[in-house]
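Novice: Just to be clear, the model below is a prediction. Sequence and coordinates:
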Amino acid sequence: MLQKIFGRVVRMIKFDQTVYKEIEEDQTANTEAAIIVVVASLLSAIGAGIHVRSFGGFIFDLLVGVLLFWLLVSYITMFIGTRLYKGETNFWEMARCIGYASAIRALGILGAIPCLGWIATIVVMILFLIVAFFAIREALDLSTEKTLVSVVLGWAISLVVWAVLATIFPL
């Protein structure tokens with residue numbers, strides 16, 4: 001399983017667009033996507049926790065990474081893309097694609113580097129958005145423009161939810 005995950009992640013890094021359709025159609029890849037999200041969220045949370053020197057920040061980033069930036073974003077993006085633009089996908093197809101795209105978030109561990117961590121964090125988030133965009137476009141089978149609107153709306157809603165959670169549970 002790890003060899004399969006690694007091979008697909010390498011193909012994503014090379015911007016091989018066929019990998020997303022393969023992941024979308026592979027109903028056995030739910031566990032793989034979950035493993036990727038948990039590992040990437042853990043590494044990203046470690047980087048954030050070291051950067052802000054907060055165990056609470058570590059836990060918050062880990063939970064937000066797993067719950068918000070995977071499950072919620074997957075659902076909201078799928079909902080917007082299928083309802084607004086009649087995209088063709090279901091929740092688990094979207095979750096698998098976004099889960100695999102989350103692999104790039106593992107580089108969030110670089111956020112722990114003094115003086116450069118914030119730059120690394122920004123670069124990782126930009127790379128994640130790019131890879132996730134391609135994954136979402138393939139999962140929804142939409143044009144670039146319709147995918148862009150679906151992604152922006154989905155992530156904006158998710159960021160509002162994140163802000164509410166950060167306000168309710170300040171660290």
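Specialist: Great, that's in hand.
Novice: Give me the below-cutoff pLDDT ranges for the protein.
Specialist: Residue ranges of the chain with pLDDT under 70: 49, 51-58, 60-65, 67, 169-171.
Novice: Geometric centre of it: which residue is closest?
Specialist: residue 102 (3.9 Å; Cα atoms, centre = their mean).
Novice: ok now do residue 1, which residues does it touch?
Specialist: By Cβ atoms under 8 Å, 6 or more residues apart in numbering, residue 1 lies in contact with 31, 32. C-beta coordinates here come from the backbone N, C-alpha and C atoms, glycine included.
Novice: Kindly report the same for residue 139.
Specialist: Residue 139 sits in contact with 20, 24, 78, 87, 89, 93, 94, 97, 98, where contact means Cβ under 8 Å, 6+ apart.
Novice: helix, strand or coil for it?
Specialist: Under DSSP: H, G, I helix; E, B strand; the rest coil, the three-state class of residue 139 is helix.
Novice: That one and residue 133: what is the separation?
Specialist: Noted for residue 139: a distance of 11 Å to residue 133, by Cβ to Cβ, to the nearest Å.
Novice: For the chain, which segments are assigned as helices?
Specialist: Here the chain has its helices, by DSSP state H, at 2-13, 18-25, 30-52, 55-63, 73-85, 91-101, 117-140, 144-168.
Novice: so residue 147 touches residue 135, yeah?
Specialist: No - contact status for residue 147 versus residue 135: not in contact, 9.9 Å apart, counting by Cβ atoms under 8 Å.
Novice: Now the common contact residues for those two.
Specialist: By Cβ under 8 Å, 6+ apart, no residue touches both residue 147 and residue 135.
Novice: follow-up on the earlier one: which ChimeraX command selects the buried ones in the contacts of residue 139?
Specialist: Applying 16 or more other Cβ atoms under 10 Å to the contacts of residue 139, the buried members can be selected in ChimeraX as follows:
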select :20,24,78,87,89,93,94,97,98
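Novice: so can I have a markdown table of the contacts of residue 139 showing distance to residue 30?
Specialist: Below are those laid out as a markdown table (distance: Cβ to Cβ, whole Å):
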| residue | distance to residue 30 |
| --- | --- |
| 20 | 15 |
| 24 | 12 |
| 78 | 14 |
| 87 | 20 |
| 89 | 14 |
| 93 | 10 |
| 94 | 11 |
| 97 | 11 |
| 98 | 12 |
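Novice: of the contacts of residue 139, closest to residue 39?
Specialist: Nearest to residue 39, judged by Cβ to Cβ, of those is residue 98 at 14.8 Å.
Novice: and the gap between the closest one and residue 91?
Specialist: Distance, residue 98 to residue 91, using Cβ to Cβ: 10 Å.
Novice: Residues that sit against both of these two, list them.
Specialist: Common neighbours of residue 98 and residue 91 (Cβ under 8 Å, 6+ apart) are residue 74.
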